[in-house]
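**Q** Please work out how this folds:
(2 chains)
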Number of protein chains: 2
Amino acid sequence: MAEDIFGQLLDEFGAGVVEHAAQSYLEEPRGTYQSAPMPLIRPHDTQGVSDVVAFCHRHNIAIIPYGGGTGLVGGQTKPDGNAVILSIERLNKIRDIFPTENVIVVEAGMFLADVQAAADSNNRLFPLSLASEGSCRIGGNLATNAGGTQVLRYGNARDLCLGIEAVLPDGTIHHGLRRLRKDNTGYDLRNLLIGSEGSLGIITAAALKLFPKPQETTTALLAVSNVDAAVQLLGMVQDQTGGLVSGFELMHRNGFEFLTETMPTLRQAFDTPPEWSVLLEVSGGADFNLDERVMNVLETAMETELVLDALLAQSQSQRDEFWNLRETIPEANRLIGAISSHDISVPISRIPEFIANTPALLAQFGDIRINCFGHLGDGNLHYNVYPPKGGQKKDFTHLRDDIQRTVHDQVQKFDGSMSAEHGIGRLKVADLETYGDPAKLAAMRAIKFALDPKGIMNPGAVLRND
Amino acid sequence: MAEDIFGQLLDEFGAGVVEHAAQSYLEEPRGTYQSAPMPLIRPHDTQGVSDVVAFCHRHNIAIIPYGGGTGLVGGQTKPDGNAVILSIERLNKIRDIFPTENVIVVEAGMFLADVQAAADSNNRLFPLSLASEGSCRIGGNLATNAGGTQVLRYGNARDLCLGIEAVLPDGTIHHGLRRLRKDNTGYDLRNLLIGSEGSLGIITAAALKLFPKPQETTTALLAVSNVDAAVQLLGMVQDQTGGLVSGFELMHRNGFEFLTETMPTLRQAFDTPPEWSVLLEVSGGADFNLDERVMNVLETAMETELVLDALLAQSQSQRDEFWNLRETIPEANRLIGAISSHDISVPISRIPEFIANTPALLAQFGDIRINCFGHLGDGNLHYNVYPPKGGQKKDFTHLRDDIQRTVHDQVQKFDGSMSAEHGIGRLKVADLETYGDPAKLAAMRAIKFALDPKGIMNPGAVLRND
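**A** Numbering: from 1, shown residues only, chains lettered A, B, ... in the order given. You can find the predicted model right below:
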């Protein structure tokens, strides 16, 4: 059947567009899912995407929309292989840039880092920023409503998008590439497609918000006395700067120890890593005296022992060094090998209690290590569970489901989310059924059927394919 | 039939909840639509709303969801009366407030001004602000994705909402009242309901974002040399303040003349109103020297003759006076009586060209007056057309459709929107069909049918009822 489809596609679209997918298209970063061999289709433009989708719609061929392949929940894979991969990588042009309007219009296949660079070269900021920015594509960022380190200040991918062009499941093109700040003409199809993980259509281009480039940035790495102190500190800095905090990342000692364990030559900031630390960044217009404002807050915070030690970056290279530590933790995590990773959010004021109470629940699983870190300013934690030092992930896989359920049950108890920024993909379909609001799930199924009655768009992602 | 329904509802829900709607519920502010007599149902809580919707769903009774009744596009009316009005006014409590999280959870029937006041008394800002804030209700603001004067800085109603509770068309309650900054668990039902104008469900409560209260505010009323100068000025102030502009309202001389004509005792700011003026507001944290920053920009802008005259508010009362002028223009407009009003948006950089070229197209309609004013910072203009001085609206109604088409055609040519902030309601259903993206319209109809197959939720609003 797959060969049959391949032949049909080749006849229709030619060898320049259709080929057998290389191995790299069949894998995902965490190695949990592997696609069976599938055809890879790489159209050159939106009309090409539309033609392919219309063809697949007519012939009932399932489509896996493919961005940079960096997603962490398996949404870019199809283990049974009964589909085609449709990559947007060739749609990679800047369509237009309007610096005075703070808008850039880009095609979905652009690397996130290239969008950032285009903004920068126009003296503007495109604030979406995440570890995979060099290899993820903006269309995938929008399809998954990517988060990252700047959400506290600038919002998720969703919040950065003014308009989209997209191909709907029957192949029709939605022309919604408006660059308006206000447009109340009907239902919010843009936000419905954003975050639908390719299950309702394929975003082919987007009008994105740009911002003034910060003229002043203050970055500090802080040892805090505990998580509650970190939450208090966030409020204090926001008050003192009128809400200019652009990064507030929590890190646990285990993260630094994982770095030592896996990358012993990496220079670390603290001689002895504190139990809890925070990477703080504040940015704003010129002459806002942000250094001084932050210093004033830190002085008070040290007097009251909220903050135990403070390293203020003295140069761009020191700033980069602090951020590099933070951004390298996921790689150290990968090398250690998690039994179970959790991308969760909890209301910010409840985070100290969540962090204090959860380890006792996990104690039943014996000698494990927790690396809890992430975007505290957004209430978003990566709460990952690892084998003890020297232990191997493979010897603990039998615990994985129980650990995950324990963490997610706890998140639910705290009115949190079991997928803060990574999405549902294939990994969390069952979790969504367990923890999701039943009325919302029923509405989602109705919407999926209404827009994709043949179920050809990323079947099995987000919603069970039945 | 209506009496029959009334009796059924009375039996089911009692006289404390069901009554005949008073006249005020059957009118809308512009007097374009009038509802025929209908039952009015005022449940006391979310379960009550759910019970009523479930009952109406079972019995195929159409529902007009009703907030404050201040909408400007007739979405709160049903001229044929074949429905019931479901008012959320009794759901008017603050459910919770979390100042450290910058979140307030409110029921949908709260007046917008009361939400603002609750935030203020907790030393926080809820920035949604519009002329009808004393009588519109937050549920209606969300249902219509209200805009107003602070969108440039803080976004629309949509951008201010973290989570909703809503009753769906079959009566089920969607429990989505999370107060999380990041939550990627499935399709964005929240944003689908926001802006759907009560046609997909009834929002009963919302978790809303709060912000630090500005510690410094600079307000200035400026005579600008032309609209292009105003657009340039916006960019200059944003650059000098790192993006802290919170208001940038354009006004035309005709607005001030309408004030003189209809409220001769109102004290005006300029002795001779300039052709174009801008109300500028910048706000931020303490000691940001915003006055000085704005003064520096204005100095340059006056040297280059972008700005011809500048009045800097010296006190809160002067600030209020400037804003009062701006906020009173709609009332003056109402007293003059527009032949046709247009709530439009155009990409900001194209606004000067739009404003320069459109009057020539309208010259065919003879001696008319244009009052173009609004939220220039968002690209949102209220482009209203009036009879000549001394003329009567009623003598020009035959021109209305042609004027509207002329303006909306022009908006379309400029990649703009013919409903920037007021929504579609009943007034612009045909416009949406004319100017809307066909793929989006098809998707909207599919979604409407999927979520409300019986078509009972605000039938005829947004989408034609057929």
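**Q** now the strands for the stretch 51-200 of chain A?
**A** Under the criterion DSSP state E, counting those that start in this stretch, strands of the stretch 51-200 of chain A are mapped to A:63-66, A:84-87, A:94-98, A:103-107, A:124-125, A:161-167, A:173-176.
**Q** which helices and strands sit right next to the last one?
**A** Judged by 3 or more CB pairs under 8 Å, 6 or more residues apart in numbering or on different chains; DSSP states H and E, the packing partners of strand A:173-176 are helix A:46-59, strand A:161-167, helix A:189-193, helix B:438-451. C-betas here are computed from N, CA, C, even on glycine.
**Q** now do 7 Å
**A** strand A:161-167, helix A:189-193, helix B:438-451 (3 or more CB pairs under 7 Å, 6 or more residues apart in numbering or on different chains; DSSP states H and E).
**Q** can you check the first one too?
**A** Secondary structure elements in contact with strand A:63-66, counted by 3+ CB pairs under 7 Å, 6+ apart, are strand A:84-87.
**Q** for the longest one, same thing?
**A** Where contact means 3+ CB pairs under 7 Å, 6+ apart, strand A:161-167 is packed against helix A:46-59, strand A:173-176, helix A:189-193, strand A:202-209.
**Q** Could you single out the most deeply buried of the ones you listed?
**A** strand A:202-209 (a mean of 26; mean count of other CB atoms under 10 Å in any protein chain shown).
**Q** tell me what it is packed against?
**A** helix A:46-59, strand A:103-107, helix A:138-143, strand A:161-167.
**Q** which residues sit in contact with the closest residue to chain B within the stretch 351-466 of chain A?
**A** Across the stretch 351-466 of chain A, no residue is closer to chain B than A:A450, which sits at 3.5 Å (CB to the nearest CB). By CB atoms under 7 Å, 6 or more residues apart in numbering or on different chains, A:A450 lies in contact with B:A446, B:I447, B:F449, B:A450.
**Q** What's the ChimeraX line that selects buried ones from those residues?
**A** The buried residues among the contacts of A:A450 can be selected in ChimeraX (16 or more other CB atoms under 10 Å in any protein chain shown) with this line:
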select /B:446,447,450
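**Q** With pLDDT as extra columns, can I get the contacts of A:A450 in TSV?
**A** TSV is the format used below for the contacts of A:A450 (pLDDT from 0 to 100):
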residue	pLDDT
B:A446	98
B:I447	98
B:F449	98
B:A450	98
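**Q** Now for the contacts of A:A450: which two are most distant?
**A** Farthest pair in the contacts of A:A450 (CB to CB) is B:I447 and B:F449. Separation: 7.4 Å.
**Q** how close does A:L152 get to A:N82?
**A** 41 Å (CB to CB, to the nearest Å).
**Q** Backbone dihedrals for A:L210, please?
**A** phi -110, psi 170 (degrees, to the nearest 10).
**Q** ok, back up a step: as JSON lines, the helices and strands packed on strand A:202-209 with mean pLDDT would be great.
**A** Shown next, in JSON lines, are these (pLDDT from 0 to 100):
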{"stretch": "helix A:46-59", "mean pLDDT": "98"}
{"stretch": "strand A:103-107", "mean pLDDT": "98"}
{"stretch": "helix A:138-143", "mean pLDDT": "98"}
{"stretch": "strand A:161-167", "mean pLDDT": "98"}
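**Q** Please produce JSON lines containing these, extended by distance to A:N333.
**A** Conversion of these to JSON lines gives the following (distance: least, CB to CB, whole Å):
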{"stretch": "helix A:46-59", "distance to A:N333": "35"}
{"stretch": "strand A:103-107", "distance to A:N333": "31"}
{"stretch": "helix A:138-143", "distance to A:N333": "21"}
{"stretch": "strand A:161-167", "distance to A:N333": "29"}
